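Chemist: pasting the sequence and the predicted model now:
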Amino acid sequence: MSTCAVATCSNYHRKTQEKGVVYHVFPVSPNLNKIWILKCKRQGHINVKYARICSDHFRPSDYMDDMKNRLLGLNQKKILNPDAVPSVNLLLQDNGEDISSRNERKRNRSILQEAKIRLK
């Protein structure tokens, strides 16, 4: 059974199966994986092999267009962009600022760009 790894999220598969909530596996990329773990704001260790984050923590722009299923008239799947980062419905920082602020997204984007440059 899938449960969301975000500390304040109470979503799990049985509760949300009728609502269209999807549970995403943690990315393989070490840098992106660290960002996802930080976004969860959990006190203890997260086993990323089994942990999932629900679709309630991603923006619509974080998803790719499922053109194949759309053209075939089938149900479209929620497929995350490879560089998507959870940024919605997360904990607040100590100063009350929402973690999903624009500056945070910019910082995450620059980290990903640096990682892509290093991999080349």
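Modeler: Received it, and whenever you're ready, just let me know what you need.

Chemist: from here on, just use CA atoms for contacts and neighbour counts.
Modeler: Noted.

Chemist: before we move on, which element is the residue nearest the centre of the chain in?
Modeler: The centroid of the chain falls nearest to P86 when counting by CA atoms, centre = their mean (3.5 Å). Using DSSP states H and E, P86 is not contained in any helix or strand.

Chemist: pLDDT value on the residue of the chain most remote from its centre, please?
Modeler: Outermost residue of the chain with respect to the C-alpha centroid, by CA atoms, centre = their mean, is L72; its distance is 27.3 Å. As predicted, L72 sits at a pLDDT of 78.

Chemist: list the contacts for the residue nearest to the centre of the chain?
Modeler: 36, 39, 57-59 (CA atoms under 8 Å, 6 or more residues apart in numbering).

Chemist: only C-alpha atoms, please: export stretch 75-86 in PDB.
Modeler: Written as PDB, here are the backbone C-alpha positions of stretch 75-86 (Å, rounded to 0.1, in the frame of the first residue of the first chain):
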ATOM      1  CA  ASN A  75      -7.300   7.700 -19.900                       C
ATOM      2  CA  GLN A  76      -4.300  10.000 -19.700                       C
ATOM      3  CA  LYS A  77      -1.600   9.000 -17.200                       C
ATOM      4  CA  LYS A  78       0.100  11.400 -14.800                       C
ATOM      5  CA  ILE A  79       3.700  11.300 -16.000                       C
ATOM      6  CA  LEU A  80       6.100  13.500 -14.100                       C
ATOM      7  CA  ASN A  81       8.700  15.600 -15.900                       C
ATOM      8  CA  PRO A  82      12.200  14.200 -15.200                       C
ATOM      9  CA  ASP A  83      13.200  17.400 -13.300                       C
ATOM     10  CA  ALA A  84       9.900  17.800 -11.300                       C
ATOM     11  CA  VAL A  85      10.200  18.700  -7.600                       C
ATOM     12  CA  PRO A  86       7.400  18.600  -5.000                       C
END
